[in-house]
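**Student:** Sharing a model that was predicted from the sequence below.
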Amino acid sequence: MVAATIFLTSYGQLVLKWQANVPHAPLPGWLGRLPVVVQMLARPWVLSAFVAAFGASLCWMMALSRLELSRAYPFMALNFLLVTLIAIPLFGESLSPAKIGGLILIVAGLIVISQGAP
């Protein structure tokens, strides 16, 4: 359930970034006068990101019913790793030495925390 939470959360973030950068024609009539962020809510991909967020919440609740929060929560940091690494090829984002160092620290932290868990 933790892995499903991480996957669904990462999916949602990547889709929202993609859709925020894709130009779309304004909605017809008075709907076209709504702020762009509100108009985005009519896009199927954006709606799928919200469904994924809801699904992630359900998975998280199931995970927490079986695991201690202190054991499960550190793995949510994997979202940073996945989103960063996937955003490089998808969106042409850079991978600086500082980002690499941060990602290494996240992985090292997860290793250390998982060793201390009973």
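**Tutor:** Arrived safely. Numbers count the residues shown, from 1 in each chain.
**Student:** buried stuff in the one helix or strand Ala52 maps to?
**Tutor:** Per DSSP states H and E: Ala52 is located in helix 44-66. In terms of neighbour count (16 or more other CB atoms under 10 Å), helix 44-66 has its buried residues at Val46, Ala49, Ala52, Gly55, Ala56, Cys59, Trp60, Ala63, Leu64. Placement of C-beta: from N, CA and C, glycine included.
**Student:** any idea which of these is closest to Pro74?
**Tutor:** Ala63 (12.4 Å; CB to CB).
**Student:** so that closest one sits right up against Met1, yeah?
**Tutor:** Yes - under the criterion of CB atoms under 8 Å, Ala63 makes contact with Met1 at 3.7 Å.
**Student:** residue boundaries of the helices in this structure?
**Tutor:** Per DSSP state H, the chain carries helices over the ranges 2-21, 36-39, 44-66, 69-72, 78-91, 97-116.
**Student:** show me the contacts for Tyr11.
**Tutor:** For Tyr11, the contact set (CB atoms under 8 Å, 6 or more residues apart in numbering) comprises Ala49, Ala52.
**Student:** what sits against Lys72?
**Tutor:** In this structure residue 72 is Ala, not Lys. Ala72 sits next to Val2, Ala63, Leu64 when contact means CB under 8 Å, 6+ apart.
**Student:** what about it, distance to Gly101?
**Tutor:** According to CB to CB, to the nearest Å, Ala72 stands 26 Å off from Gly101.
**Student:** The helix holding Ala52 packs against which elements?
**Tutor:** For helix 44-66, the packing partners by 3 or more CB pairs under 8 Å, 6 or more residues apart in numbering; DSSP states H and E come out as helix 2-21.
**Student:** Would you check how far apart the residue of the chain most remote from its centre and Gln39 are?
**Tutor:** Most distant residue from the mean C-alpha position of the chain: Gly29, 33.0 Å away (CA atoms, centre = their mean). For Gly29, the distance to Gln39 (CB to CB) stands at 12 Å.
**Student:** Lys99 too?
**Tutor:** Counting by CB to CB - Lys99 and Gln39 are separated by 32 Å.
**Student:** May I ask which helix or strand of the chain has the lowest mean pLDDT?
**Tutor:** Lowest on mean pLDDT, DSSP states H and E among the helices and strands of the chain sits helix 36-39, with a mean of 74.
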